[in-house]
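*Asks:* Dropping the sequence and predicted coords here.
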Amino acid sequence: MALEVVGGAFLSASLQVLFADIHSIVDFFRRNEVDEEQLRNLRNKLLLANEVLNVAEKKQITNRYVRNCLENLRDAIHNAEDLVDDIKTEADRQILVDDIKTEADCQMGSQVSGFFSSIQRGIQNIIESVDVQSMIQNIIKSADVERRIQNIIKSVDETVELMKCLGLRKDVQTTMPFQIRRSSLNILAKKSDVYGRDAEKETIINFLKSDGGHKFSVMPIVGMGGIGKTTLAQLVYRDVRTGKVAMEKPFVIQAWITVADEFKCDAFTLTKAIYEKVTKSTWTNVEEPFLLQLELEEALQGKKFLFILDDVWNVDYETWIGLQTPFESAADGSKIIVTTRLPKIAEVLGAAGSEVLDLKLLSKDDGWKLFSKHAFNNVDPSSYPDLEVIGRKIVEKCKGNPLAVKSLGCLLHSRLNPKEWETVLVNDIWELEEREGGIREGGILPALWLSYYYLPRHLKPCFAYCSIIPKDYEFEKKQLILLWMAQGLLQPQNNMMLEEVGEKYFEDLASRSFFLVDRGNTFTMHDLVNDLAKYVSGEFCLRLDDNCYGNLTRKTRHISLMNYVTSDISKKLEDLSKNTVLRTLFLLKDCIQLRTQHFLDQLRSMQCQYLRVLSFRLHPDFEGQMKLLESLKHLRYLDLSRSDGIEEIPDSIGKLCNLQTLLLRLCRIHELPESIANLKHLRYLDLSDTLIKTIPDTLGNLHELLTLDLSGTGIEKIPDTLGNLHELRTLELVYCEKFTQLPTNITMLTNLCDLNNLGTSLKVMPPKLSNLKNLRRLQLFVVGKSCGIEELGKLTNLHGLLHIRSLENVDEVEDVSKANLKNKNHITDLELEWNDDSADVPHNKAREVLDRLHPHSNIQRLNVNNYGGRSFPDWMGHHSFSCIKDLRLYRCKNCGLLPPLGELPSLECLVIEGFDTVERIGDEFYLSDSSTSSRATEPPFKSLKSLVFGNMAEWKEWSLVGGAFPILESLKLRGCPKLKGVGSPDYLPSLNVIDKDVISSLRTATSGIWERSPPLHP
């Protein structure tokens, strides 16, 4: 049944996009004398089919013949899409040929020099790479177009007639026509989403605190999918890490290891995963199991650990015995928590000191609390008695599964129409749980299916496409949006860019709990949601991974591949060359077996003319593979990142005229060909961490380019033709250490939002930088005469990090106030820097400049470098900066006193280095003179966890105020030769890390820097 359900996922949304594409090719029909009536006839037939799609989607679940009709209709629609793509591509080629010829004639007939001569050479190279005569010969014939249209119409007619015979008629809307209000994206294990688990959480905490006389103990948490095993483990794990669980002897090592059903669960692989988490390394080259276990044994020696092994499926007794050997070296009281759906895993892991927690279904009351939180948006449900009655019945049908309850709560979020709720309650899908061949056969919860069934049309194909993502695989949001765009799944809306539409789609799916979004830009899907995506995509999406399930058929259009350990990959791909409709070939991780000559021969033999997405690492036989790429005229997304066999990109890259995304990260290329200008539709170009040093002038012809990523390259400058890229939104120059100057006409890019230039060697900023009114991110601003600090004042929407350098170049102190940092409430990271050679700046001027650089109180991290003043302004350390977590002061050589920093309520990390004139740290460091009695009752540095002093050449004495640093965990003192002896640090109750230099260079004494001063408050 998995195949047939796909109809509803793709058809209705695909038709909307297809109709728009058909309208766009009318001119081609007229220019090439193709019967335009055929095109209108095709569109009308598809409109007739669209009238029965809603009811067909509903009936397909229970009627096999309806499912077959939807399958046939979808094939016809895909064929129509392929035809339209062919026509659009050839139409674009005709226009390109005409444009190139015209431009070449103009350039060849004039004598030019300098800049224009390079353009002339570039155009000549483009002409040579495009092979105009070949393009003209490739234009599809009119008779072929008409024949293909007639075949599609015939297929649609037959299918629609059969649907009518099955009793399918135009139906009222069955899909809820509403958008769930967008809210903040889901973060894993929200405490507010957990109900009815207090007793279970307390059981786990008691287990962690217990000793029992065993070296290590195991607690398996067992329960069905979606019941909340991982969520509960995450809550406890987080409380342990943040210190909310008070332990007599804390866990020195804490590690979370996701095992998952795709994981190859042998002792070596699991040991390697644990070792990498324990040592915080991304990989280890130890391949001998015995040696690796010795390494892990040494890493655990005498240390108390807490391991969470999440989502365990396939560990047998032999594997478990082999895995636990290194654990014996750890300290007594170590703990292992295992989450699993299988009771047999609990039996395998059972041993002395083990305790099984069987997670039960939620009670009706707890299920209702979870449902109402999401459905009513925290409004009292009693205000809507009709909805409450229906809602409680819906919760009852979920049978206590938290994931099912939450998904339907999100579905009905803030919807107050009882008819919509009743539609969910009485849906036939609930009955399938009891029927033979129902959707429970695929392990899909009816509640999850309903959440999918009521998705807006445009989101269904986007969600189904996610079936190419393996379980527990962290995928980048940006990458997914680019893939959606390449597949034509994003429908234009008003004046929004497609990337913005993709952001909206992503957030809509996340708000319905289809995605679990991390704090960064990555996401995963719950296992059951992943199963749902695989189920609705059927055999049209094939995911090959360590389980290597599913077969490649002639209908398969999307394939993803993982790093194989199994040996049957070649068997799975034997029929690859027979597939003529493939649209996605996506390598998620490097597959060594796919870099063999056999696979390359298969790839060359493919007739994959409709491939839109290709992602894999190229074989050293680079030229042979590039010939393959040249034929992919529909390719929109090409990712060759990490292909160390690539040292140059041939001119023939210009033949990929539909390319939207080109990713070449970590390739060994030194330059781009001039023919890059032929990629007229290119929107995203990633050249990061390549060997590129120059960019061709023809880059300026990429008028649709939105993102240019040059991060980590050796580029020194960008050509002035950058000013032609008026659509550019993002320019990435992070850690381009040789980059010294931006083109002056960059200020013409009024759509530019992100200029990420941290780690560059910029000397000056271009004049009139404030013309970039839409700029949201400017990581580095260099103060200079051509672009003064006052330019920042007009950039009112800056976000995130801002590093202001060369502050010694400020001419007029009043200009600093015009920068208006105090009102830039979206800046979270601020770095203020004077150059090393700024000693000539008067200390009073430096003091006034820093005073006027007063940031907004929302700032979270602050760095001050080479400040030449003798004291700090009053805002430094003021308690109103309640968000600051990280503060670093470097090389403030003239300051004899530290600023009062003890009142910063959220400060966790403090670094002070290079204060050459400080001799004593006393009471002034803890509280300011203006502190009120209410603030004085709180201990100074109440949140500080890490404290570093370094290169304090004259520092002799430290007066430690009683009660200060109550939770300090790490203290480091380096380069403080005159500091007196250190007493016992037991005054600091939470201190568990003291830098080795402290112990070796400072002698133990009963007085000195640990001098006990009385508290500053009563």
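*Replies:* Happy to help now that I have it.
*Asks:* Quick one: residues contacting Leu722.
*Replies:* Leu722 sits next to 699-700, 728, 743, 745-746, 749 when contact means C-beta atoms under 8 Å, 6 or more residues apart in numbering. Heads up, the C-betas are built off the backbone N, CA and C, glycines and all.
*Asks:* Narrow those residues to those that are buried.
*Replies:* The neighbour count (16 or more other C-beta atoms under 10 Å) marks 699-700, 728, 743, 746, 749 as buried among the contacts of Leu722.
*Asks:* so of the contacts of Leu722, which ones are in helices?
*Replies:* Residues of the contacts of Leu722 located in helices (DSSP state H): none.
*Asks:* could the residues you listed go into JSON lines alongside pLDDT and distance to Phe941?
*Replies:* JSON lines is the format used below for the contacts of Leu722 (pLDDT from 0 to 100; distance: C-beta to C-beta, whole Å):
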{"residue": "Leu699", "pLDDT": "91", "distance to Phe941": "51"}
{"residue": "Gly700", "pLDDT": "92", "distance to Phe941": "54"}
{"residue": "Leu728", "pLDDT": "96", "distance to Phe941": "45"}
{"residue": "Pro743", "pLDDT": "94", "distance to Phe941": "47"}
{"residue": "Asn745", "pLDDT": "93", "distance to Phe941": "49"}
{"residue": "Ile746", "pLDDT": "95", "distance to Phe941": "44"}
{"residue": "Leu749", "pLDDT": "95", "distance to Phe941": "45"}
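*Asks:* any chance of the residues you listed in TSV, plus distance to Leu528?
*Replies:* Formatted as TSV, the contacts of Leu722 follow (distance: C-beta to C-beta, whole Å):
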residue	distance to Leu528
Leu699	46
Gly700	49
Leu728	41
Pro743	51
Asn745	53
Ile746	48
Leu749	45
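*Asks:* Closest one of those residues to Lys59?
*Replies:* Set against Lys59, the nearest of these by C-beta to C-beta is Leu728 (48.7 Å).
*Asks:* Please name the spatially closest residue to the closest one (chain neighbours excluded).
*Replies:* Nearest residue to Leu728, sequence neighbours excluded (C-beta to C-beta, 6 or more residues apart in numbering): Leu749, at 5.3 Å.
*Asks:* What separation is there between that neighbour and Gln660?
*Replies:* Distance from Leu749 to Gln660, counting by C-beta to C-beta, to the nearest Å: 20 Å.
*Asks:* cool, and Arg40?
*Replies:* For Arg40, the distance to Gln660 - C-beta to C-beta - is 29 Å.
*Asks:* Can you pick out the residue with more neighbours from those two?
*Replies:* Neighbour count, other C-beta atoms under 10 Å: between Arg40 and Gln660, Gln660 has more, with 21 against 13.
*Asks:* ok, that one touching Leu682?
*Replies:* Yes. Contact criterion C-beta atoms under 8 Å: Gln660 and Leu682 qualify, at 6.4 Å.
*Asks:* TSV please, covering the buried ones among the contacts of Leu722 and showing distance to Val315.
*Replies:* Below are the buried ones among the contacts of Leu722 laid out as TSV (distance: C-beta to C-beta, whole Å):
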residue	distance to Val315
Leu699	53
Gly700	58
Leu728	51
Pro743	58
Ile746	56
Leu749	55
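*Asks:* For Phe872, state which of these is nearest.
*Replies:* Closest to Phe872, out of all of the buried ones among the contacts of Leu722 and judged by C-beta to C-beta, is Ile746, at 35.5 Å.
*Asks:* show me what contacts the closest residue to the closest one other than its chain neighbours?
*Replies:* Counting by C-beta to C-beta, 6+ apart, Ile746 lies nearest to Pro766, which is 5.6 Å off, once chain neighbours are set aside. By C-beta under 8 Å, 6+ apart, the residues touching Pro766 are 742-747, 786-787.
*Asks:* Next: Asp815.
*Replies:* 788-790.
*Asks:* Give me the nearest residue to it, chain neighbours excluded.
*Replies:* Nearest one to Asp815, counting by C-beta to C-beta, 6+ apart, is Glu790 at 4.4 Å.
*Asks:* and Val581, helix, strand or coil?
*Replies:* Here Val581 is recorded as coil under DSSP: H, G, I helix; E, B strand; the rest coil.
*Asks:* And stretch 826-836, what's buried?
*Replies:* Buried residues in stretch 826-836 (16+ other C-beta under 10 Å): 827-828, 830-834.
*Asks:* distance between it and the chain's centre?
*Replies:* The chain centre lies 26 Å from the centre of stretch 826-836; the measure is C-alpha atoms, centre = their mean, to the nearest Å.
*Asks:* tell me, how many neighbours does Val782 end up with?
*Replies:* Look at Val782: counted by other C-beta under 10 Å, it has 21 neighbours.
*Asks:* what bridges to it?
*Replies:* Beta-bridge partners for Val782, by DSSP bridges, are Arg805.
*Asks:* And it, how close does it get to Ser451?
*Replies:* Note on Val782: its distance to Ser451, by C-beta to C-beta, is 51 Å.
*Asks:* Also Leu291?
*Replies:* Counting by C-beta to C-beta - Leu291 and Ser451 are separated by 48 Å.
*Asks:* Straight-line length of stretch 302-319, end to end?
*Replies:* Its start and end residues considered, stretch 302-319 measures 24 Å (C-alpha to C-alpha, to the nearest Å).
*Asks:* Would you mind checking the average pLDDT for it?
*Replies:* Confidence for stretch 302-319, expressed as mean pLDDT, is 86.
*Asks:* buried stuff in that stretch?
*Replies:* For stretch 302-319, burial by neighbour count (16+ other C-beta under 10 Å) applies to 304-312, 315, 319.
*Asks:* So which of those sit within helices?
*Replies:* Per DSSP H, the buried residues of stretch 302-319 map to helices at Thr319.
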